[in-house]
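Asks: Quick one, what's the 3D model for this:
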Amino acid sequence: MKVAVTMAVALIAWAAPAEDVITLKSGKTLRGEVVEYTDGTLKIRMADGSIKKGKILLVEHVRFGEPARAGAIVVNVDRDFKYVPRGSPLGLSFGQTAAAALKRTSYERLSKEPQYMSQKVRYGFLELGNARDNKFTFVMDDVESDTWIGYFDKNNNEDLTDDGPPLMSQNSGKFATTLALKVPILLPGGAKPVSRPYNLWFFIKNDGAKFYSRCHYTGHVTIEEVITRRWIDRKYTAIVYEKFDHDALYRESGIWIDLDGDGKLDKDKEHFADGATLKMDGKDYTIRLDYP
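Replies: Predicted coordinates for the structure are as follows:
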């Protein structure tokens, strides 16, 4: 019945119309509808519509009425989840996202460019984040050779000369490299974008430029319920990760919760989209992903 928040996952629960019986340690009994229990506080809607609240520690037992309770699991990765600069968490596979098609003129106006080796370089961009300017330009040089050289506007300021040395290929083929970026993200209700770290693997083959995420966020969902004088902790590892549609915006990718604790993730039972329902012990919880 009590809820502990771990790594920004808050559980807020409310009852469907039904009578709940709350027994206090003093022996007093309250009857009503439990509307919220979080941050150590219990709120009860009485029969006359009034709300009473008190400390959860004063409660000895709760018998929930029928039907089963409903609630919401609210997740915010930017606030409290831990960023992990590597991909494929808990055995998850990865897909690929196509970058903009390579062409001989830039997609956006650049303020400064390096001295290229090739007469006709190739321009492209990655679309990352939801800020007003979400095009990260890259340029491929030495395209007459078997292996190309890359320039990437990591700070997205349209200046390709202040992002460090040219990028050399780290793999066979035309070009492949890792990139560590800071992607501007406009959070709900925010006036200015915040910087979200983002690691990716960027590569070019005959069918064009592609990339995929090499990072994720991890946290825990912890639910505690009162079961006759005992606090029962239930803790679940939660993963936020982009398998497809890589753009540093995670809500569209949903959340993974290791419900059976086996260290693996089942795509049919342990993956939830924003607004999906998680069923646990006869109760329904709505997943709310409070971030872009």
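Asks: Would you list the phi and psi of R86?
Replies: Dihedral angles phi and psi of R86 (degrees, to the nearest 10) take the values phi -150, psi 160.
Asks: count of neighbours near the closest residue to it other than its chain neighbours?
Replies: What sits nearest to R86 in space, not counting adjacent residues and going by CB to CB, 6 or more residues apart in numbering, is R214, at 6.0 Å. The way it works is simple: take the backbone N, C-alpha and C, and place the C-beta from them, glycine included. If you count neighbours by other CB atoms under 10 Å, R214 ends up with 20.
Asks: how many neighbours does D207 have?
Replies: Around D207 sit 7 other residues, with neighbours defined as other CB under 10 Å.
Asks: any chance you could map the helices in the stretch 101-250 of the chain?
Replies: Using DSSP state H, counting those that start in this stretch, the stretch 101-250 of the chain contains no helices.
Asks: Look up how far M280 lies from G40.
Replies: Distance check for G40 against M280: by CB to CB, to the nearest Å, it reads 22 Å.
Asks: Which of the two has more residues huddled nearby?
Replies: Residue environment comparison for G40 versus M280 gives the larger neighbour count to M280, 16 against 12, counting by other CB under 10 Å.
Asks: where in this protein is pLDDT low?
Replies: Within the chain, the segments meeting pLDDT under 70 span 1-18, 36-39, 64-71, 222-233, 281-282.
Asks: rerun that using 50 as the cut-off
Replies: Within the chain, the ranges that satisfy pLDDT under 50 run 1-17, 67-69, 224-231.
Asks: Using the record's assignment, carve it into domains.
Replies: Per automatic domain parsing, the domain ranges recorded for the chain read 9-80+218-289, 86-213.
Asks: For the longest one, what is the distance to the chain centroid?
Replies: The one in question is domain 9-80+218-289. Taking CA atoms, centre = their mean, to the nearest Å, one finds domain 9-80+218-289 lying 19 Å from the centre of the chain it belongs to.
Asks: now swap in stretch 199-211 and tell me
Replies: The gap between where stretch 199-211 is centred and where its chain is centred comes out at 23 Å by CA atoms, centre = their mean.
Asks: Could you number the chain from 15 rather than 1 from now on?
Replies: I'll keep to 15 as the first residue from here, and by that count the last item is stretch 213-225.
Asks: Need the CA coordinates for it. CSV is fine.
Replies: Listed in CSV are the C-alpha atoms of stretch 213-225, where the atom choice follows Å, rounded to 0.1, in the frame of the first residue of the first chain:
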residue,chain,number,x,y,z
ASN,A,213,26.2,7.7,-27.8
LEU,A,214,25.8,6.1,-31.2
TRP,A,215,27.4,4.0,-33.8
PHE,A,216,27.5,5.7,-37.2
PHE,A,217,28.4,3.9,-40.4
ILE,A,218,28.2,4.1,-44.2
LYS,A,219,27.6,1.3,-46.6
ASN,A,220,26.6,1.1,-50.2
ASP,A,221,23.0,1.8,-49.3
GLY,A,222,23.8,5.0,-47.4
ALA,A,223,24.5,6.3,-43.9
LYS,A,224,22.9,4.6,-40.9
PHE,A,225,23.3,4.7,-37.1
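Asks: what ranges do the strands span in the stretch 15-164 of the chain?
Replies: 23-28, 34-38, 43-52, 55-59, 65-69, 73-77, 84-89, 96-98, 111-112, 136-141, 149-155, 163-166 (DSSP state E, counting those that start in this stretch).
Asks: Give me the helices and strands touching the longest one, please.
Replies: Using 3 or more CB pairs under 8 Å, 6 or more residues apart in numbering; DSSP states H and E as the contact criterion, the neighbours of strand 43-52 among helices and strands are strand 23-28, strand 34-38, strand 55-59, strand 65-69.
Asks: Okay then, goodbye and thanks.
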